[in-house]
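K.L.:
3D model of this:
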Amino acid sequence: MADESAGPDDEVPGDDPFRALLDPEFARAATVREPSAQDRAEAARRAERASSLAARVAADGAARAHEARRVRRRQRRGWIVLGLVLVPLIGLAVWRMSVHSTGSGGDLSSGHPAPDLSAARSPLGKPPPSPRDPGPFAFIHSHADGSPVTWDPCRPIRYVVNPAGAPASGDEVIRGAIRRTSEATGLEFEAAGETDEAASVNRPPFQPGRYGDRWAPVLIAWSDEEATPELGGAVAGLTVPLAATDPQRDELAYVSGVIILDTDVFAGAGSVSGDRARAIVQHEAGHLVGLDHVDDAHQLMYPSARERSALDWGSGDLAGLHQLGSGTCRPAL
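P.N.:
As a prediction, the model looks like this:
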């Protein structure tokens, strides 16, 4: 649970504008002929959509720069800022990748592995009942009907840890956060060992050279501001959940991700430890499964950790996690 900014909602782009932008005909070489009025009108519409997308990305970047300045001011008051990093171009890259069909045998050049035939046909677990009168909660990505983008509950969420720079209690802190997240969602997590993969917010979700013909496991890694500039200021950690399109249902589902934890916050002078350290990582695990920030200090997904802030899931967190753990099995992914 640690991060820089309570960024604006990064909604998954709608189908129509992005499918038009990614249409292969949009990038093909023009034939030698005078364009018709219809051709010119279509080109103008596509240019307008591209300009709108660029403006959204620029506006989001400006908002994040403003938030980063606010974060550094808070640092002087002794706060640790927690949160989520969703770089707009990462979302766009995942969307570009996800429009390709996986096919029956997978396609290593398209950015998709072959479907996992070992996946169960029913959820591996189920979340506890949702609180009756919950506090606020929010989702990072939602479908057109308002339901959240989720992980496939019929297969475990595999994760690997890069232990370089980890504090002595690093393994214990990660295990505790993952266990609480699993209990609150019913999602099963599977520790897949250690890795030397470097932390990066631009991490691709499919790395066949390193992990074979399957989605890359979630990476949990330790870093610092020098290696990961996004950890500057009072940022304790960053999380990027990664989604791809389920070709069977033509909708997004989470398939991988990365959690980057600031070594200096957990192991440096005045570092956090114990329940506070576990709560920070747990906050990040909340982002991993799909929770966004809320403006309620009683919830663990509040973006700043202070001495008296929440150390475990609040009622709003649990209500959101109930929905995130109630997703659909996706055998085609």
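
K.L.:
how about the strands in this structure?
P.N.:
For the chain, the strands defined by DSSP state E occupy 80-81, 157-162, 189-194, 218-223, 237-246, 251-262, 304-305.

K.L.:
can you say which of the ones you listed is nearest to R180?
P.N.:
The stretch from the strands of the chain with the least distance to R180 (C-beta to C-beta) is strand 189-194; that distance is 10.7 Å. In short, each C-beta sits where N, CA and C put it, glycine included.

K.L.:
hmm, back to that, dump the strands of the chain to TSV, plus distance to H283, mean pLDDT and mean neighbour count.
P.N.:
Putting those into TSV (distance: least, C-beta to C-beta, whole Å; pLDDT from 0 to 100; neighbours: other C-beta atoms under 10 Å) gives the following:
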stretch	distance to H283	mean pLDDT	mean neighbour count
strand 80-81	10	48	24
strand 157-162	16	98	21
strand 189-194	16	97	14
strand 218-223	13	97	26
strand 237-246	8	91	26
strand 251-262	10	94	26
strand 304-305	8	77	22
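
K.L.:
which of those strands sits closest to H298?
P.N.:
Across the strands of the chain, closest to H298 is strand 304-305 (C-beta to C-beta), at 12.9 Å.

K.L.:
packing partners of the closest one?
P.N.:
Other helices and strands packing on strand 304-305, by 3 or more C-beta pairs under 8 Å, 6 or more residues apart in numbering; DSSP states H and E, are strand 80-81, helix 274-289.

K.L.:
just checking: what are the partner strands of that strand?
P.N.:
Strand 304-305 sits in its sheet next to strand 80-81 (antiparallel), going by DSSP bridges.

K.L.:
mean pLDDT for the helices and strands packed on strand 304-305: which is lowest?
P.N.:
For the helices and strands packed on strand 304-305, mean pLDDT drops lowest on strand 80-81, to a mean of 48.

K.L.:
H143 against A253, yeah?
P.N.:
No. Using C-beta atoms under 8 Å, H143 is not in contact with A253; the gap is 10.0 Å.

K.L.:
what do the two both touch?
P.N.:
V149 (C-beta atoms under 8 Å, 6 or more residues apart in numbering).

K.L.:
the strands of the chain into TSV, with extra columns for distance to V294?
P.N.:
Below are the strands of the chain laid out as TSV (distance: least, C-beta to C-beta, whole Å):
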stretch	distance to V294
strand 80-81	15
strand 157-162	23
strand 189-194	23
strand 218-223	23
strand 237-246	15
strand 251-262	19
strand 304-305	12
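
K.L.:
out of those strands, which is closest to H112?
P.N.:
When those are compared by C-beta to C-beta, strand 237-246 sits nearest H112, at 7.0 Å.

K.L.:
which one of the helices and strands packed on strand 304-305 is the most hemmed in?
P.N.:
helix 274-289 (a mean of 25; mean count of other C-beta atoms under 10 Å).

K.L.:
extract the C-alpha set from that helix and format it as CSV.
P.N.:
Taking Å, rounded to 0.1, in the frame of the first residue of the first chain, the C-alpha atoms of helix 274-289 are listed here in CSV:
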residue,chain,number,x,y,z
GLY,A,274,5.0,-4.2,11.4
ASP,A,275,1.3,-3.6,10.8
ARG,A,276,2.0,-0.2,9.1
ALA,A,277,4.3,-1.8,6.6
ARG,A,278,1.9,-4.6,5.9
ALA,A,279,-1.0,-2.2,5.5
ILE,A,280,1.0,-0.2,2.9
VAL,A,281,1.6,-3.3,0.8
GLN,A,282,-2.0,-4.4,1.3
HIS,A,283,-3.1,-1.0,0.0
GLU,A,284,-1.1,-1.7,-3.2
ALA,A,285,-2.5,-5.2,-3.4
GLY,A,286,-5.9,-3.6,-3.4
HIS,A,287,-4.9,-1.6,-6.5
LEU,A,288,-3.6,-4.8,-8.1
VAL,A,289,-7.0,-6.5,-7.9
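
K.L.:
just checking, what packs against it?
P.N.:
Applying 3+ C-beta pairs under 8 Å, 6+ apart, one finds that helix 274-289 contacts helix 170-185, strand 237-246, strand 251-262, helix 263-267, strand 304-305, helix 315-324.

K.L.:
now tabulate these in CSV and tack on distance to G193.
P.N.:
What follows is the helices and strands packed on helix 274-289, written out as CSV (distance: least, C-beta to C-beta, whole Å):
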stretch, distance to G193
helix 170-185, 12
strand 237-246, 20
strand 251-262, 16
helix 263-267, 21
strand 304-305, 29
helix 315-324, 26
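
K.L.:
just for the chain, where's the confidence low?
P.N.:
The chain contains residues with pLDDT under 70 at 1-110, 268-270, 306-308.

K.L.:
again, 80 this time
P.N.:
Residue ranges of the chain with pLDDT under 80: 1-111, 234, 268-271, 305-309.

K.L.:
so what's the residue nearest to D196 when sequence neighbours are not counted up against?
P.N.:
Nearest non-adjacent residue to D196, counting by C-beta to C-beta, 6 or more residues apart in numbering: N162, 6.4 Å away. Listed by C-beta under 8 Å, 6+ apart, the contact set of N162 reads 194-199, 219-222.
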